[in-house]
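> What follows is a predicted structure for the sequence shown.
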Amino acid sequence: MEAHIYSSLTLPCSVIAIGAFDGVHRGHQEVIKQAVKRGEFLNAPSLVYTFDPPPRVYFQGAHMLSSIHEKLPKLENLGVDHVVFAHFDHVYAQLSAGDFINTLSKLNPLEIIVGEDFRFGKNREGDIHLLKKYFPVRVIEPVCCSIGNRISSTRIRQLLSKGEVQSSNSLLGWPAGD
């Protein structure tokens, strides 16, 4: 797996999973696994496009579940060929939805895979419908836990704040220490 900084990569083709992927929890893993699987099927490298820090951490001061150094081995374990880290700061936060689409164009995506709540660009102005105007997009339905609740980084943070480490680890889906 190769890691890249935002805008330093161009590819002849790719299958891209986009998201903050904070914690690389079971829901994130499904999005990423689909990108790897589709990349293999289409004979194209799989790529994870993610943000450091995650936007929720930057804007809301949320607790970060995993650093870049913690994400990299997890992404590699999932079989990703490339990962692009966009440094999320005040400059990046000003990029328009069109700028983001132009950045993705350099990666020549055969398909983009996202979760159903994916938004992008300044003030979250871009959505799945806009993305579909430029690229083939596959939307992955939410992954739920055994009692039917949606798995999310926000929910994992809430569990951790209550000291429910075992429950949060179950949603993350990684063995303790990974």
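Everything's here; your move.
> and the next element down the chain from the strand or helix carrying Arg56?
Secondary structure assigned from DSSP states H and E places Arg56 in helix 55-60. Once the chain leaves helix 55-60, the next helix or strand it forms, by DSSP H and E, is helix 68-77.
> Neighbouring strands of the following helix or strand past that next one in the sheet, and parallel or not?
Proceeding N to C from helix 68-77, the next assigned helix or strand is strand 82-87, under DSSP H and E. When pairs are called by DSSP bridges, strand 82-87 turns out to pair with strand 2-5 (parallel), strand 46-52 (parallel).
> Could you provide the ones you listed in JSON lines, with additional columns for mean pLDDT and distance to Ser14?
C-beta: built from backbone N, CA, C; applies to glycine. Converted to JSON lines, those look like this (pLDDT from 0 to 100; distance: least, CB to CB, whole Å):
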{"stretch": "strand 2-5", "mean pLDDT": "84", "distance to Ser14": "12"}
{"stretch": "strand 46-52", "mean pLDDT": "95", "distance to Ser14": "5"}
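> To Ser66, which of those lies closest?
strand 46-52 (10.2 Å; CB to CB).
> and the angle from that closest one to helix 68-77?
Here the directions of strand 46-52 and helix 68-77 differ by 170 degrees (axes from the mean of the first three to the mean of the last three CA atoms, to 10 degrees).
> Was I right to think Ile68 contacts Asp52?
Yes - in terms of CB atoms under 8 Å, Ile68 counts as a neighbour of Asp52; the distance is 5.3 Å.
> intersection of neighbour lists for these two?
Common neighbours of Ile68 and Asp52, using CB atoms under 8 Å, 6 or more residues apart in numbering, are Phe85.
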